[in-house]
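# structure for the following, please:
(2 chains)
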Amino acid sequence: MTTQLKDTAPLGRIIVITSGKGGVGKTTSAAAISAGLAKRGHKTVVIDFDVGLRNLDMIMGCERRVVFDFINVIQGDARLKQALIKDKRLENLFVLPTSQTRDKDALTQEGVEAVLNELKEEFDYIICDSPAGIERGAQMAMYFADEAVVVTNPEVSSVRDSDRVLGLLSSKTRRAEKDGAEPIKAQVLLTRHDKGRIEKGEMMTVEDVLEILAVPLLGIIPESTAVLRASNIGTPVTLDEPSAAGTAYENAVARLTGEEVEISVEDDRRPGFFGRLFGRTA
Amino acid sequence: MSLFGFTLRPRRAASAKTAKDRLQILLAHERRGGAETPDYLPALQRDIMEAIRKYVKIGDDDVNVRMDRRDDVSSLEINIELPEAAPKAKAGRA
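Okay, the predicted model is just below:
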């Protein structure tokens, strides 16, 4: 139950975290960004759209507390309030888990719209964690979005899929279909960025990727052991102990909320030979 | 885990172990009857509400179901908020 009264109406901004390709860090990013937004005082909910392959609950660490899910709410079997899981660390952060047993057809456009409309009444940010691929779950996750974060690895198949997803964002979404609507604000979040490999010329640079995709950059998340650790313990990386990846996500979150933060490449690994000589400093 | 304070390795091992433990609990649960488990809850809730409504008037939002799965025990917590009229009726009877 909400006792906090705010003098302003909630922002109600819908942001989809998408990528096309699987395994690039969508759920990690959705968890880190939502926790980051909540940490800054914005009432935030993160929704899992990956029907049948639920994982956001594990990354958020609430997998044992799932009772009702998004599909139960769409089908009228449970109230939205009952399905929302309140985060144990931040009181203005909520998770709406998906169903592990139903199939994607349960995501009807009308159902998704009704749930999102109800959430808009109460939340500042509604983060939609898209499944991989470009089928129903992914389409529904992006359809009502105001803004999109396209998670991309500096790797050929990921960049190609991101390009495809950017095309869908500008054609197969409500903002694209509605006359006179402002188009979805799409931006790239570059994850698994490896400074060392880029310096050796083994990995495409940020500039390379941006030149190809031609959309603004939201942030650069370094390849980091902190990400695996965070997922192991079920804590968004922005709520775990400080790390380069956590800081990079926090900067991305600041940019999402309209703050101007310079984009830098964080790296918590040893810088080179001297670093290696003197051991771990992080 | 080590008693001798080698900080780096045990700490690394700790998070991997947490991951394995979490997965084992979750998967044991999902394999046992993952398909049925989440699905009976809406029906259970409906039945409970019907039973309560025989005696007390409650709204759809007054029932809260929470679940917590532990290693050996899972608990289902059902919280029913009774309307303000309920204590009055009780007082009247006393």
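# show me which residues of the stretch 1-150 of chain A are close to chain B?
A:58, A:63-69, A:72, A:77-79, A:81-82, A:99-101 (C-beta under 8 Å from any C-beta of the partner chain). For every residue, glycine as well, the C-beta is placed using N, CA and C.
# one more time with 7 Å
Taking C-beta under 7 Å from any C-beta of the partner chain as the contact definition, the stretch 1-150 of chain A meets chain B at A:63-69, A:72, A:77-79, A:81-82, A:99-101.
# give me phi/psi at residue A:35?
Main-chain dihedrals, residue A:35, degrees, to the nearest 10: phi -60, psi -40.
# do the same with residue A:193
According to degrees, to the nearest 10, residue A:193 has phi -80, psi 130.
# which residues sit in contact with residue B:19?
residue A:232 (C-beta atoms under 7 Å, 6 or more residues apart in numbering or on different chains).
# in a helix, it, correct?
Yes. Per DSSP: H, G, I helix; E, B strand; the rest coil, residue B:19 lies within a helix segment.
# any idea of the pLDDT on it?
pLDDT, residue B:19: 91.
# in PyMOL, select just the buried ones from the residues of the stretch 1-150 of chain A next to chain B.
Filtering the residues of the stretch 1-150 of chain A next to chain B down to the buried ones (16 or more other C-beta atoms under 10 Å in any protein chain shown) takes a single PyMOL command:
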select buried, chain A and resi 63+64+65+66+67+68+69+72+77+78+79+81+82+99+100+101
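# next step: the residues of the stretch 1-150 of chain A next to chain B restricted to helices.
Using DSSP state H, the members of these that fall in helices are A:72, A:81-82.
# would you turn the residues you listed into a markdown table with pLDDT?
Formatted as a markdown table, these follow (pLDDT from 0 to 100):
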| residue | pLDDT |
| --- | --- |
| A:72 | 92 |
| A:81 | 91 |
| A:82 | 89 |
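# below-threshold pLDDT in chain B: ranges please.
Chain B contains residues with pLDDT under 70 at B:1-13, B:33-39, B:71, B:85-94.
# show me what from it comes close to chain A.
Counting by C-beta under 7 Å from any C-beta, chain B sits next to chain A at B:15-16, B:18-19, B:22, B:26, B:30, B:34-35, B:38-39, B:41-42, B:60-61, B:64-69.
# return the subset of these lying in helices.
Short answer: the residues of chain B next to chain A in helices (DSSP H) are B:15-16, B:18-19, B:22, B:26, B:30, B:38-39, B:41-42.
# and whichever residue of the stretch 151-282 of chain A sits closest to chain B, what helix or strand is that in?
Closest approach between the stretch 151-282 of chain A and chain B, counting by C-beta to the nearest C-beta: residue A:232, at 3.6 Å. Taking DSSP states H and E as the definition, residue A:232 sits inside helix A:225-233.
# other SSEs contacting the helix or strand that that helix is followed by?
For helix A:225-233, the following helix or strand on the C-terminal side (DSSP H and E) is helix A:244-256. Applying 3 or more C-beta pairs under 7 Å, 6 or more residues apart in numbering or on different chains; DSSP states H and E, one finds that helix A:244-256 contacts helix A:26-39, strand A:217-222, helix A:225-233.
# and the ones you listed as JSON lines, adding mean neighbour count and mean pLDDT?
As requested, these are exported to JSON lines (neighbours: other C-beta atoms under 10 Å in any protein chain shown; pLDDT from 0 to 100):
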{"stretch": "helix A:26-39", "mean neighbour count": "28", "mean pLDDT": "98"}
{"stretch": "strand A:217-222", "mean neighbour count": "24", "mean pLDDT": "96"}
{"stretch": "helix A:225-233", "mean neighbour count": "20", "mean pLDDT": "95"}
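# adding distance to residue A:205, write the ones you listed out as TSV.
Converted to TSV, those look like this (distance: least, C-beta to C-beta, whole Å):
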stretch	distance to residue A:205
helix A:26-39	20
strand A:217-222	10
helix A:225-233	21
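# for these, which one sits closest to residue B:78?
Residue B:78 sits nearest to helix A:26-39 of all those, at 27.6 Å, using C-beta to C-beta.
# just want the angle from that closest one to strand A:217-222.
On the basis of axes from the mean of the first three to the mean of the last three C-alpha atoms, to 10 degrees, helix A:26-39 is oriented at 110 degrees to strand A:217-222.
# what's the angle between the helix or strand just after helix A:26-39 and helix A:244-256?
Beyond helix A:26-39 on the C-terminal side, the first helix or strand identified by DSSP H and E is strand A:44-48. Strand A:44-48 runs at 110 degrees relative to helix A:244-256, counting by the same axes, to 10 degrees.
# quick one: which helix or strand includes residue B:78?
strand B:74-80.
# each with direction, which strands does that strand pair with?
Each strand paired with strand B:74-80, and its direction, by DSSP bridges: strand B:63-69 (antiparallel).
# give the buried residues for the strand it pairs with.
B:63-65, B:67, B:69.
# isn't residue A:43 up against residue A:121?
No. Residue A:43 is beyond contact range of residue A:121, at 11.0 Å (criterion: C-beta atoms under 7 Å).
# who touches both of these two?
With C-beta under 7 Å, 6+ apart as the test, residue A:43 and residue A:121 both reach residue A:10.
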